[in-house]
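Asks: just coords:
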Ligand SMILES: Nc1ncnc2c1ncn2[C@@H]1O[C@H](COP(=O)(O)OP(=O)(O)O)[C@@H](O)[C@H]1O
Ligand SMILES: C=C(OP(=O)(O)O)C(=O)O
Ligand SMILES: [K+]
Ligand SMILES: [Mg+2]
């Protein structure tokens, strides 16, 4: 493929190209290498560089542009240079499944709604997915939907009747049983979903509910029943996760042989594909194999839209195979809830930092999840420690933060979302003011020459954007790939990502700094830019004189210009 380097004039309305230099002369062109005007108004001379491999003529395109209504409001309120970069995921549950509650979260900045298949019925999940879709269509939001599988973890059953929780006190003896009971359950009895439970545990084992919120010691085994004495009292929630420890180590005997994707999960996945979810998050991933399997399964079934597969890093096995799992996935989640039950708690922060960094290097979006604002399940203000934790995740430049119980069943879901939003904005601003150019080394990740060109273009465009202090980066991308490469650089300015399809636009919602727009565009960058400028100007989202850098994946190029 012949790559040519073109120089064009600053006015997007002028014809392009005005000069063509073939690739080998790039290194010998001092004019290009010294192209670095430190001013915001462009000189009238050389204003843009385009590396192009095609010259197709454009079809005529529709004159509309779609952007998430809440993002648009945030941009107008804060000015687009200060638009929030960190994305927000909210778990939907009984506290937020109503139409009005969902709308309040969308208005509050929810980018992705997560449904957890551990809880609720399929009808319930269907109604949530459809409500989100309806909200998007009727109110102009672009909230994506993430389905999170149950996985083959060992967990307690429902508590019987309508009991929302059960309290275990110090010294009480409880029975954990794999028998099926009719509701209500006998007193101090908990059912367990894993048939091998009673065989796998041993007298003397320590049993942790929800990663240690409540602790028991196994004192006796009677067939399918396991008698345990409570050693650390606390509240047990329905379907809380169970782990057992022996001599200070997590026991992973037969349960480690259970499939990552259970037969129930496969049914849920079929359901998710049929309902057109945007992301499927896989619990307790152990290896890259399961991700590859699921990706081909999804590719064969979800014809029109491509569903992104997110690997939840929450087990010792996933840490052992971290890089290959992340490479195989479309994104990852630092699922600190279960991770903290499988490795000592004090190791979780370092694991988080490592996962976030690796995802950035490999260009995969990463979500930091669980207990970010846990106290807000009950209280309207977070603790100082929680705010510090959220700040740290933003400072690590994770793509997204997630609410779990805070939004699913807490008393203050909107307030919790507001805290995530305002802490994100504040820390991002602080970062830009301090001009902290991170020491993160971004390795080359391209797997082909063409990918390398895209990567170099994005790295250079992001660097130019910082040096020139441009107002925004524009990226015209069909697959979303160029947008993600720009996001990976975490530039100082926001990234306006224009894409043709609604599903790509929704998926970009999970990536740091991207403001996804749906726009019908052609291969002709000049006409794309002209149209985009006038559409955005009409919406009051940009103004004449704003300095932007535009890149595109059809016409691999970097253009620097003032909005006419
Ligand atoms: N669909 C749902 N129906 C009922 N309760 C839910 C639902 N989703 C979440 N919850 C509640 O919110 C809590 C936190 O959600 P999450 O962290 O996703 O699950 P878990 O605690 O099982 O890891 C759950 O423990 C559960 O009590
Ligand atoms: C996000 C997590 O997974 P789940 O809520 O499904 O247990 C977690 O364990 O932190
Ligand atoms: K889950
Ligand atoms: Mg988990």
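Replies: Looks like it came in fine. Since this is a predicted model, take the numbers as computed values, not measurements. Numbers count the residues shown, from 1 in each chain. Ligands and ions are numbered 1, 2, ... in the order given.
Asks: Close to ligand 1: what parts of this structure are there?
Replies: 91, 93-94, 116, 118-120, 237, 239, 337, 404-405, 408-409 (Cβ under 6 Å from any ligand atom). (Each C-beta comes from the backbone N, C-alpha and C, glycine too.)
Asks: Helices - which of those land there?
Replies: If you go by DSSP state H, these have 337, 405, 408 in helices.
Asks: Closest one to residue 313 out of those, please.
Replies: residue 337 (11.5 Å; Cβ to Cβ).
Asks: my read: that closest one touches residue 314, true?
Replies: Yes - with contact defined as Cβ atoms under 8 Å, residue 337 reaches residue 314; the gap is 7.1 Å.
Asks: packing partners for the longest helix seen in the chain?
Replies: The longest helix of the chain (DSSP H) is helix 413-434. Helices and strands touching helix 413-434, by 3 or more Cβ pairs under 8 Å, 6 or more residues apart in numbering; DSSP states H and E, are strand 87-91, helix 99-107, helix 384-395, strand 400-403, helix 405-408.
Asks: what's the closest of these to ligand 3?
Replies: Across the helices and strands packed on helix 413-434, ligand 3 has its closest neighbour in strand 87-91 (9.5 Å, Cβ to the ion).
Asks: quick revisit: can you list the helices and strands packed on helix 413-434 in TSV and add mean neighbour count, mean pLDDT and distance to residue 462?
Replies: TSV is the format used below for those (neighbours: other Cβ atoms under 10 Å; pLDDT from 0 to 100; distance: least, Cβ to Cβ, whole Å):
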stretch	mean neighbour count	mean pLDDT	distance to residue 462
strand 87-91	27	98	18
helix 99-107	18	97	29
helix 384-395	17	97	19
strand 400-403	27	98	20
helix 405-408	26	97	32
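Asks: So residue 337 and residue 314 - more neighbours on which side?
Replies: residue 314 (27 against 18; other Cβ atoms under 10 Å).
Asks: how far away is whichever residue of the chain sits closest to ligand 4 from residue 296?
Replies: Ranked by Cβ to the ion, the top residue of the chain for proximity to ligand 4 is residue 338, at 3.6 Å. Per Cβ to Cβ, to the nearest Å, residue 338 is found 26 Å from residue 296.
Asks: More neighbours: which of the two?
Replies: Each of residue 338 and residue 296 has its neighbours counted (other Cβ under 10 Å); residue 338 has more, 23 against 10.
Asks: Report the distance from stretch 502-516 to the chain centre.
Replies: 10 Å (Cα atoms, centre = their mean, to the nearest Å).
Asks: Stretch 302-312 now?
Replies: 13 Å.
Asks: hmm, who's touching that stretch?
Replies: For stretch 302-312, contacts defined as Cβ atoms under 8 Å, 6 or more residues apart in numbering pick out 146, 148, 272-273, 276-285, 291, 294-295, 298-299, 318, 325-326, 328-333, 335, 338, 367, 501, 503-504, 507, 510.
Asks: Which of those residues fall in strands?
Replies: Cross-referencing these against strands under DSSP state E gives 146, 148, 279-282, 331-333, 335, 367.
Asks: residue contacts, residue 225?
Replies: Per Cβ under 8 Å, 6+ apart, neighbours of residue 225: 175-177, 179, 198.
Asks: Show me what it is bridged to.
Replies: Beta-bridge pairing of residue 225 under DSSP bridges involves residue 177, residue 222.
Asks: Could you do the one 10 residues further on as well?
Replies: With beta bridges defined as DSSP bridges, residue 235 has these partners: residue 167.
Asks: doesn't residue 135 make contact with residue 106?
Replies: Yes - contact criterion Cβ under 8 Å: residue 106 and residue 135 qualify, at 5.9 Å.
Asks: Please identify every residue contacting each of these two.
Replies: Common neighbours of residue 106 and residue 135, using Cβ under 8 Å, 6+ apart, are 141, 143.
Asks: Count residues in the vicinity of residue 431, would you?
Replies: 18.
Asks: What of the one 3 residues further on?
Replies: A total of 8 residues lie near residue 434 under the criterion other Cβ under 10 Å.
Asks: so how far is residue 453 from it?
Replies: Residue 434 is 33 Å from residue 453, by Cβ to Cβ.
Asks: Tell me, how many residues neighbour residue 353?
Replies: Around residue 353 there are 15 residues (other Cβ under 10 Å).
Asks: try residue 448
Replies: By other Cβ under 10 Å, neighbour count at residue 448 equals 8.
Asks: Distance of it relative to residue 481?
Replies: From residue 448 over to residue 481 (counting by Cβ to Cβ), the distance is 12 Å.
Asks: go on, residue 101?
Replies: From residue 101 to residue 481 the distance is 35 Å (Cβ to Cβ).
Asks: Residue 131 too?
Replies: Taking Cβ to Cβ as the measure, residue 131 falls 31 Å from residue 481.
Asks: could you dump the ones in helices among the residues of the chain next to ligand 1 to JSON lines with distance to residue 540?
Replies: As requested, those are arranged in JSON lines below (distance: Cβ to Cβ, whole Å):
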{"residue": "337", "distance to residue 540": "42"}
{"residue": "405", "distance to residue 540": "38"}
{"residue": "408", "distance to residue 540": "36"}
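Asks: Residue 112 contacts residue 145, doesn't it?
Replies: Yes - counting by Cβ under 8 Å, residue 112 does reach residue 145; the two are 7.3 Å apart.
Asks: Name the residues of the stretch 201-350 of the chain found near ligand 3, please.
Replies: Taking Cβ under 5 Å from the ion as the criterion, the stretch 201-350 of the chain approaches ligand 3 at residues residue 283.
Asks: do the stretch 1-150 of the chain as well
Replies: 116, 118, 148.
Asks: which one of these is nearest residue 559?
Replies: residue 148 (40.2 Å).
Asks: ok, now which ones touch that closest one?
Replies: Contact partners of residue 148, counting by Cβ under 8 Å, 6+ apart, are 114-118, 280-281, 283, 312.
Asks: now these as a markdown table including pLDDT and distance to residue 77?
Replies: Formatted as a markdown table, the contacts of residue 148 follow (pLDDT from 0 to 100; distance: Cβ to Cβ, whole Å):
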| residue | pLDDT | distance to residue 77 |
| --- | --- | --- |
| 114 | 98 | 26 |
| 115 | 98 | 29 |
| 116 | 97 | 32 |
| 117 | 96 | 36 |
| 118 | 93 | 36 |
| 280 | 98 | 33 |
| 281 | 98 | 31 |
| 283 | 95 | 37 |
| 312 | 98 | 34 |
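Asks: Export the residues you listed to JSON lines and append columns for neighbour count and distance to residue 378.
Replies: Listed next are the contacts of residue 148 as JSON lines, based on neighbours: other Cβ atoms under 10 Å; distance: Cβ to Cβ, whole Å:
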{"residue": "114", "neighbour count": "28", "distance to residue 378": "21"}
{"residue": "115", "neighbour count": "27", "distance to residue 378": "23"}
{"residue": "116", "neighbour count": "20", "distance to residue 378": "20"}
{"residue": "117", "neighbour count": "22", "distance to residue 378": "25"}
{"residue": "118", "neighbour count": "17", "distance to residue 378": "21"}
{"residue": "280", "neighbour count": "27", "distance to residue 378": "31"}
{"residue": "281", "neighbour count": "29", "distance to residue 378": "26"}
{"residue": "283", "neighbour count": "25", "distance to residue 378": "26"}
{"residue": "312", "neighbour count": "26", "distance to residue 378": "26"}
